[in-house]
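Asker: heads up, no residue letters with this:
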């Protein structure tokens, strides 16, 4: 297999991990918005324990994607940086303010007004970041970005990223994060033997999951109208992955109904993974629709092989470290201290 293809598969895997892990963390703040900041102290404590000290570690996957694009596919990175600088900058603002707000809220115990202000900032930033990341993805998927094969952008730097598909994808991403968080929190509450909270989050997860199923069907309609190139790819190559996402999505809802939360999480992960895989397969070999392919944008082969070697070595260090981090902070003693 060509090194650029291997590298692209790794990028897609890292992107899926960021959505599954980072998305659930974003979802905690999104739920505070949905509940109009009326969550009980018991619910907030569960959210804090579930996030714990490991939540910011999830951004490593996003950083990894950006680094690989920068080094492995420079023209694509340049084109996206120019065309999507505004939504990506707004997403970065959300990520930064979210982290600051979470920390300041934790350390302002006893100061009611400060806690409320930082809670609002955390919730708004948690919603803002996935919305603009999703909007950037929708702008890419639309195929309407005025990019050239050498990485230049000839469109409007302020408004060319805006499209019905971009806005829809932004809201869809927020919904995915909320769904992930609800399913994870139902399982977390069950593990902690908080049966009332587990049932509450189960009901929220079921309602959100059904709504996301409706949005998923609507998304296919948006694709057919807004992105003919990508829609053609789904019809020609990626339709089996669409079927997989539908089956696993229904399976996750059924597992939630039966209160099999671990299996439900596996179903959700399979659904999100198949959606992302379907996107990649549908637009292959394009990296940035309509004009940049992985073969045009790839770096020289020695660079690609060097990157693959570096990723292999880094994986041997990073993955065990992340696993150990989660093991440490998911122990009962660590939860009591967090």
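Answerer: Looks like it came in fine. Just so we're clear, the structure is a prediction, and the values are computed from it rather than from any experiment.
Asker: Can you show me the helices along the stretch 51-200 of the chain?
Answerer: Using DSSP state H, counting those that start in this stretch, the helices found in the stretch 51-200 of the chain span residues 59-72, 74-83, 85-106, 112-142, 164-191, 195-226.
Asker: which residues touch the residue nearest in space to the middle of the chain?
Answerer: A centroid search over the chain (Cα atoms, centre = their mean) returns residue 19, at 2.4 Å, as the residue closest to the centre. Residues near residue 19 by Cβ atoms under 8 Å, 6 or more residues apart in numbering: 176, 272, 276. Where you see a C-beta, it was placed from the backbone N, CA and C, and this is true even at glycine.
Asker: Neighbours of the second one, how many?
Answerer: Close neighbours of residue 272, defined as other Cβ atoms under 10 Å, add up to 21.
Asker: Report the inter-axis angle for the helix or strand hosting it versus helix 195-226.
Answerer: Here residue 272 sits within helix 261-283, counting by DSSP states H and E. With axes from the mean of the first three to the mean of the last three Cα atoms, to 10 degrees applied, the angle from helix 261-283 to helix 195-226 works out at 10 degrees.
Asker: Give me the helices and strands touching helix 261-283, please.
Answerer: Taking 3 or more Cβ pairs under 8 Å, 6 or more residues apart in numbering; DSSP states H and E as contact, the helices and strands that helix 261-283 lies on are helix 3-17, helix 164-191, helix 195-226, helix 228-233, helix 239-257.
Asker: again, 10 Å this time
Answerer: Judged by 3 or more Cβ pairs under 10 Å, 6 or more residues apart in numbering; DSSP states H and E, helix 261-283 is in contact with helix 3-17, helix 23-34, helix 112-142, helix 164-191, helix 195-226, helix 228-233, helix 239-257.
Asker: These into JSON lines, with extra columns for distance to residue 321 and mean pLDDT?
Answerer: Below are those laid out as JSON lines (distance: least, Cβ to Cβ, whole Å; pLDDT from 0 to 100):
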{"stretch": "helix 3-17", "distance to residue 321": "15", "mean pLDDT": "92"}
{"stretch": "helix 23-34", "distance to residue 321": "18", "mean pLDDT": "81"}
{"stretch": "helix 112-142", "distance to residue 321": "24", "mean pLDDT": "89"}
{"stretch": "helix 164-191", "distance to residue 321": "21", "mean pLDDT": "91"}
{"stretch": "helix 195-226", "distance to residue 321": "29", "mean pLDDT": "89"}
{"stretch": "helix 228-233", "distance to residue 321": "37", "mean pLDDT": "90"}
{"stretch": "helix 239-257", "distance to residue 321": "29", "mean pLDDT": "92"}
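Asker: so which of those gets nearest residue 72?
Answerer: helix 3-17 (4.9 Å; Cβ to Cβ).
Asker: Okay, buried residues for that closest one please.
Answerer: 3, 4, 7, 8, 10, 11, 12, 13, 14, 15, 16, 17 (16 or more other Cβ atoms under 10 Å).
Asker: out of the contacts of residue 19, who's nearest residue 235?
Answerer: Distances from residue 235 to the contacts of residue 19, taken by Cβ to Cβ, are shortest for residue 276, at 18.2 Å.
Asker: Once you drop chain neighbours, what's closest to the closest one?
Answerer: residue 16 (5.1 Å; Cβ to Cβ, 6 or more residues apart in numbering).
Asker: Tell me if I'm right that the one you found and residue 180 touch.
Answerer: No. Using Cβ atoms under 10 Å, residue 16 makes no contact with residue 180, being 12.0 Å away.
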